[in-house]
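K.L.:
Okay, sequence plus prediction incoming.
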Amino acid sequence: MGQAQPCPTCPGEVDPRRLVDPRSLGDGSGYPGASWPKVGDPSRLGWSPQALRAAQEVARVMGSDGYVVVDRGVVVWEYGHTSKNLIVQSVRKSFLGALFGIALEEGRVDLNLTLGELGIDDLPPSLTPEEKTATIEHLLMCRSGVYHEAAAEARSMKASRPPRGSHPPGTFFYYNNRDFNALGTIYRQLTGEDIFQAIYDRLAKPLQMQEFSPSNGWYFYEPVSQHPAYHFTMSPRDMARFGLLILREGRWRDRQVIPGAWIERSLRPYSDAGSTWNYGYMWWVGKPQVWNGHSVVAALGGNGQGIFVVRDMEVVIAHKVDPDTFTGTLSQVYDLVRQILRAKVL
């Protein structure tokens, strides 16, 4: 991050002489243990409490259920129900991406395997020979060229889905739940693991997540496809642990939980995904000009759920909504995140 400027609307709130090393607030590791280390006064880590309160009011008005702001491994601000499990929606995809990285390192996955080689098809109308040439890597990038109907497909996805056969595998980005759901089937087929048990064993346990268990997850089938969505619930403070793991390039204390090379590979911007984002391997990669020059990657859910990892600031923001009560939009959530980031003044 460049030279931080004092907050013109928060005079005297942040005194540089009172700043503390975040490691002094925990066990010295820079990671949470059974619970998160917290700072009682955010100004001691260079944050304006006044600006954080103003952002919180924005979140309250649009119905955010809860969020956590983590700076260098320390919680500087919490709002709402940070220990409440709610459906993460498409945030689920970034978790599965992490599992693929672990399985690749262990030699249980080959990203060059095609759908045809794996025996992956779908309900009629079945996949064409060309569609079956799509590889696991194509699915991770949302560039499979397979435009079959999918479980848990949003209305906007259905409306924008290209015609079958219109793009050969690997040539076109389309955010496609069929790719993600088929990846769930492929992961279970190649590893023999249940996705939710794998998230628990390989991520939640080493990260000491406080609320997540395998019973948080369920497979969601629809009659249009044989590949289910893999939904689960999680709390903001557990989501923030996953975000911190990504920020630390897959390392948690003295253990490399996800290979660092996989993190780097996953966060490359392979595809232009619109005005705000590029797309990697099941991660959204922010366009710096939209994020005030910051390096932002995110796991996003359709109603406003998100894990925002601000790599240059060493900040993680985990935001959750209850789809039944949230009145905001994804764009408003992005504005909220930018407003929170502006509260870091030193």
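P.N.:
Thanks, I have it.

K.L.:
hang on, isn't N112 packed against A134?
P.N.:
No: when contacts are counted by C-beta atoms under 8 Å, N112 is not listed as touching A134 (11.1 Å). Where C-beta positions appear, they are placed from N, C-alpha and C, glycine not excepted.

K.L.:
Ranking helices and strands of the chain by mean pLDDT, which lands last?
P.N.:
Every helix and strand in the chain was compared by mean pLDDT, DSSP states H and E; the lowest is helix 155-160, with a mean of 90.

K.L.:
which stretches of the stretch 101-250 of the chain form helices?
P.N.:
115-118, 136-140, 155-160, 177-191, 195-199, 236-247 (DSSP state H, counting those that start in this stretch).

K.L.:
just those: most buried one?
P.N.:
Comparing these by mean neighbour count (mean count of other C-beta atoms under 10 Å), helix 236-247 comes out on top with a mean of 26.

K.L.:
Which strands or helices does it pack on?
P.N.:
strand 66-71, strand 74-80, helix 92-105, strand 296-300, strand 306-310, strand 315-320 (3 or more C-beta pairs under 8 Å, 6 or more residues apart in numbering; DSSP states H and E).

K.L.:
can you put these in a markdown table and add mean pLDDT?
P.N.:
Below are those laid out as a markdown table (pLDDT from 0 to 100):
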| stretch | mean pLDDT |
| --- | --- |
| strand 66-71 | 98 |
| strand 74-80 | 98 |
| helix 92-105 | 98 |
| strand 296-300 | 98 |
| strand 306-310 | 98 |
| strand 315-320 | 98 |
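
K.L.:
and of the ones you listed, who's closest to A34?
P.N.:
Smallest distance to A34 across the helices and strands packed on helix 236-247 (C-beta to C-beta): 13.8 Å, for strand 74-80.

K.L.:
Give the other helices and strands that that closest one contacts.
P.N.:
Counting contacts by 3+ C-beta pairs under 8 Å, 6+ apart, strand 74-80 packs against helix 49-62, strand 66-71, helix 236-247.

K.L.:
hmm, 6 Å instead?
P.N.:
Packing partners of strand 74-80 (3 or more C-beta pairs under 6 Å, 6 or more residues apart in numbering; DSSP states H and E): helix 49-62, strand 66-71.

K.L.:
what inclination does it have with respect to strand 66-71?
P.N.:
170 degrees (axes from the mean of the first three to the mean of the last three C-alpha atoms, to 10 degrees).

K.L.:
on that earlier part again, among N112 and A134, which residue is more densely surrounded?
P.N.:
Legend: neighbour count by other C-beta atoms under 10 Å for N112 and A134, higher for A134 (23 against 10).

K.L.:
quick one: contacts for the more buried one?
P.N.:
Residues in contact with A134, defined by C-beta atoms under 6 Å, 6 or more residues apart in numbering, are L115, S144, G145, V146, P169.

K.L.:
Filter those residues down to the buried ones, PyMOL style.
P.N.:
Burial among the contacts of A134 is assessed by 16 or more other C-beta atoms under 10 Å; the matching PyMOL selection reads:
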select buried, resi 115+144+145+146+169
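
K.L.:
and the two most separated of the contacts of A134?
P.N.:
So, these by C-beta to C-beta: farthest apart are L115 and G145, at 10.4 Å.

K.L.:
quick one: contacts for the residue most central in space within the chain?
P.N.:
What sits nearest the mean C-alpha location of the chain, by C-alpha atoms, centre = their mean, is A299, with 2.0 Å. By C-beta under 6 Å, 6+ apart, the residues touching A299 are V91, S94, I307.
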